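> Sharing a sequence plus its predicted fold:
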Amino acid sequence: MSNYSTSDFKPGLKIMLDGDPYNIVSNEFVKPGKGQAFNRTRVRNLKTGRVVERTFKSGESVEAADVAELNAQYLYNDGSQWYFMNNDTYEQYSANATAVADTKQWLKEQDVCALTLWNGVILFVTPPNFVTLKVVETDPGLRGDTSGGGGKPATLETGAVVRVPLFIQTDELLKIDTRNGEYVSRAKE
Amino acid sequence: MRDQLNARAEIIAKIRHFFDKKHVLEVSTPLLSRATVTDPHLHSIAAQLPLLHKTMYLQTSPEFAMKQLLAAGSGDIYQVCKAFRDGEKGHLHNPEFTILEWYRVGFNYHELMDEMDELLQVILKCDVALRYTYADIFQRYLNFNPHMVSVADLQHHLVREKLPDISGMNYNDRDFLLQLLMTYCIEPKFDKHRPTFIYDYPASQAMLSKIRNDNPPVGERFEVYMGDIELANGFHELTDAVEQRRRFEQDKIQRKALGHPDVVMDEDFLAALEKGLPNCAGVALGIDRLVMLALKAICFF
């Protein structure tokens, strides 16, 4: 297993702490009063998503986490597992409900997602920043209202509910920003 | 980009003008030297000169070289130069950075603080600095006397303030505990809009300053902050060659204990002290941080 020294620390580096994989969010070199230096680091637990502050003596080394990121096409889910395929190698991966808890409402078959794997198991799935989804249910809008002010809820084909302008109708395709879950615009197929 | 370079050049021009007016002479000393600092927390960058069969060191500050000039009778001097420190990398640190260092013959450290204050008002257009002794500032924010407090009490303070437990650090080291409390509990409270000067450090943190035999003794050293950003470190300079050699030897023992490579003491510097360094005060200021504060942007070069 390889190690990283605090001098390698930078946002995005994956390290092992107390048996869990962590992602470094920020790292600050501190030299208190010209004394012994240390690194104040904010790290995100990749299993729980929780961010905590950890402090390391400068020069100390920490085990690297075997975390890989790859792109894979979302295939389908069977109720307990969500299946993905690497389009280059045709290798298949499955994610459990925990790994897609925050993102399953944006997963559309055939969309290419980013998978984060730890020791070969999917930790979480990141959908594309923008997805195109069909409206399956929304209240009929008021004709002529194009202001976009106010808005109403719309249920999309994946089960997600987003706020949309009043003029949006059932069966329309919408472009959604998955990072904040907001409606962007109407979309074409 | 061009604007930032311009602003940086203007600041350096203002610094030169400031010292010219006061008849402080600009000097330029070698960056490569046969010896280097012994300070256990400073790591020099060694330079190999294979054709000359030599190892030399990029200087962590121009202090030793400038003190040799002072001992040779240079009078008041200043320098703007690069300095190099291995291992220091972060949003306020870079292994290569720019220092302004100056020495005033016959000044004590209070007079030098006055001059620093004046310079900062010119460059940062800030108000007059606030000044506290090391004892005052601990009393003010943590309500204890840092010179008298026991290690056990310091450890209790650490727990109460929820300071981190950093593996591999020595939590029985008084100075380390004081430095942690300073970093986490005091520095963040400094005024954001004008400089704060802290002076009269515990003798164990005197570095290269004269120790005054008060009860308890204090190092005539000062640190300059703007907000919580440390900008400068100054001394009423130690002139006693015997005491200087003793501190170097102590440093070497501490380096060994910390597992850092041994370094050769700068005998030329010690010889200069033996010859006689005039009574003087000196200070080093980080130009990159000064420019960052003036421009509210980072600009290393």
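Yep, it's here. Numbering: from 1, shown residues only, chains lettered A, B, ... in the order given.

> residues making contact with the helix or strand containing B:Val122?
Taking DSSP states H and E as the definition, B:Val122 sits inside helix B:109-124. Residues outside helix B:109-124 that contact it (C-beta atoms under 8 Å, 6 or more residues apart in numbering or on different chains) are B:11, B:14-15, B:18, B:22, B:104, B:107, B:126-129, B:131, B:195, B:197, B:199, B:209, B:220-222, B:224, B:226, B:231-232, B:234-236, B:281-283, B:285, B:290, B:293-294. In short, each C-beta sits where N, CA and C put it, glycine included.

> Sitting in strands, which of these do you find?
The strands, defined by DSSP state E, take in B:104, B:131, B:195, B:197, B:199, B:220-222, B:224, B:226, B:231-232, B:234-236, B:281-283, B:285 from the contacts of helix B:109-124.

> what residues does chain B put near chain A?
B:39, B:41, B:87-93, B:164-169, B:175-176, B:178-180, B:182-183, B:205, B:207, B:223, B:233, B:258 (C-beta under 8 Å from any C-beta of the partner chain).

> Restricted to helices, list those residues.
Residues of these located in helices (DSSP state H): B:Asp175, B:Phe176, B:Leu178, B:Gln179, B:Leu180, B:Leu258.

> Provide a list of residues in contact with the first one.
Just to be clear, that refers to B:Asp175. A:Gly33, A:Gly35, B:Pro202, B:Ser204, B:Gln205.

> ok, the closest residue to A:Arg163 other than its chain neighbours to B:Leu5 distance?
The spatially closest residue to A:Arg163, leaving aside those adjacent along the chain, is A:Gly151, at 4.6 Å (C-beta to C-beta, 6 or more residues apart in numbering or on different chains). When distance is defined by C-beta to C-beta, to the nearest Å, A:Gly151 is 48 Å away from B:Leu5.

> What of A:Thr89?
Distance from A:Thr89 to B:Leu5, counting by C-beta to C-beta: 49 Å.

> any idea how far B:Arg8 is from B:Arg2?
11 Å.

> Could you check which of these two is surrounded by more residues?
Neighbours were counted for B:Arg2 and for B:Arg8 using other C-beta atoms under 10 Å in any protein chain shown; B:Arg8 has more, 21 against 6.

> Would you confirm that that one contacts B:Val291?
Yes. Using C-beta atoms under 8 Å, B:Arg8 is in contact with B:Val291, at 5.0 Å.

> Residue nearest the middle of the chain, spatially speaking?
In the absence of a named chain, chain A is used. Among the residues of chain A, the one closest to the centroid is A:Thr126, at 3.5 Å (C-alpha atoms, centre = their mean).

> could you do chain B instead?
Centroid-nearest residue in chain B: B:Asn233, 3.3 Å away (criterion: C-alpha atoms, centre = their mean).

> Next up, the contacts around it.
Shown in contact with B:Asn233 (C-beta under 8 Å, 6+ apart): A:Lys34, B:Met207, B:Arg221, B:Phe222, B:Glu223, B:Val224, B:Val283, B:Ala284.

> if you skip the residues just before and after it, what's nearest to the fourth one?
Closest residue to B:Phe222 apart from its sequence neighbours, by C-beta to C-beta, 6+ apart: B:Tyr199 at 3.9 Å.

> Check what pLDDT that neighbour gets.
If you check B:Tyr199, the pLDDT there is 98.

> Nearest to chain B: which residue in chain A?
Residue nearest to chain B within chain A (C-beta to the nearest C-beta): A:Phe29, separated by 2.8 Å.

> What helices and strands are in contact with the helix or strand harbouring that residue?
Per DSSP H and E, A:Phe29 falls inside strand A:20-30. If you count contacts as 3 or more C-beta pairs under 8 Å, 6 or more residues apart in numbering or on different chains; DSSP states H and E, strand A:20-30 packs onto strand A:14-17, strand A:38-45.

> So what touches the longest one?
When you say that, I think you mean strand A:38-45. By C-beta under 8 Å, 6+ apart, the list of residues contacting strand A:38-45 reads A:6, A:9, A:15, A:17, A:20-30, A:32, A:50-58, B:90, B:164, B:166, B:169.

> if you set the cut-off to 6 Å instead, what comes out?
A:6, A:20, A:22-30, A:51, A:53-58, B:166 (C-beta atoms under 6 Å, 6 or more residues apart in numbering or on different chains).

> Tell me which strands it pairs with, and in which orientation.
Partners of strand A:38-45 in the sheet, by DSSP bridges, are strand A:20-30 (antiparallel), strand A:51-57 (antiparallel).

> Name all residues that make contact with the residue of chain A closest to chain B.
For A:Phe29, the contacting residues are A:Asn39, B:Lys89, B:Gly90, B:His93, by C-beta under 6 Å, 6+ apart.

> remind me which residues of the chain are low pLDDT?
Using chain A. Across chain A, the ranges flagged by pLDDT under 70 are A:1, A:141-149, A:189.

> Hmm, no, I was thinking of chain B.
Along chain B, segments meeting pLDDT under 70 span B:297-301.

> was I right about B:Ile166 contacting A:Thr55?
Yes. B:Ile166 lies in contact with A:Thr55 (C-beta atoms under 6 Å); the separation is 4.7 Å.

> Which helix runs longest in chain B?
Secondary structure of chain B per DSSP H: the longest helix is helix B:2-21.

> That one packs against which elements?
When contacts are defined as 3 or more C-beta pairs under 6 Å, 6 or more residues apart in numbering or on different chains; DSSP states H and E, helix B:2-21 packs onto helix B:287-295.

> What number of residues are in the vicinity of B:Gln121?
For B:Gln121, using other C-beta under 10 Å, the count is 15.

> Compute the distance between it and B:Asp228, please.
20 Å.

> Next, count neighbours for the closest residue to A:Thr48 other than its chain neighbours.
Of all residues not flanking A:Thr48 in the chain, A:Asp20 sits nearest, at 7.9 Å (C-beta to C-beta, 6+ apart). Using other C-beta under 10 Å, A:Asp20 is surrounded by 15 other residues.

> partner residues bridging A:Asp20?
A:Leu17.

> Could you pull up the residues touching B:Met56?
Counting by C-beta under 6 Å, 6+ apart, B:Met56 makes contact with B:Leu32, B:Arg34, B:Ala47.

> Go through those and flag which are in strands.
Going by DSSP E, the strands hold B:Leu32, B:Ala47 from those.

> between the contacts of B:Met56, which is closest to B:Met265?
Set against B:Met265, the nearest of these by C-beta to C-beta is B:Arg34 (10.8 Å).

> returning to that earlier point: what about the helix holding B:Val122, distance to the chain center?
15 Å (C-alpha atoms, centre = their mean, to the nearest Å).

> Same question for it: list its buried residues.
The neighbour-count check on helix B:109-124 (16 or more other C-beta atoms under 10 Å in any protein chain shown) flags B:Tyr109, B:Leu112, B:Met113, B:Glu115, B:Met116, B:Asp117, B:Leu119, B:Leu120, B:Ile123, B:Leu124 as buried.

> ok, now stretch B:137-149?
Applying 16+ other C-beta under 10 Å to stretch B:137-149 flags B:Ile137, B:Phe138, B:Tyr141, B:Leu142, B:Phe144, B:Pro146, B:His147, B:Val149 as buried.

> Extract the CA atoms of it and return them as CSV.
Included here for stretch B:137-149 are C-alpha records, laid out as CSV according to Å, rounded to 0.1, in the frame of the first residue of the first chain:
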residue,chain,number,x,y,z
ILE,B,137,-2.2,38.9,25.2
PHE,B,138,-2.5,35.6,27.0
GLN,B,139,-4.0,37.3,30.0
ARG,B,140,-6.4,39.2,27.8
TYR,B,141,-7.8,36.2,25.8
LEU,B,142,-7.0,33.1,27.9
ASN,B,143,-6.7,34.7,31.3
PHE,B,144,-3.4,33.2,32.5
ASN,B,145,0.2,34.2,32.7
PRO,B,146,2.1,32.4,29.9
HIS,B,147,5.4,32.8,31.8
MET,B,148,4.2,31.1,35.0
VAL,B,149,1.6,28.6,33.8
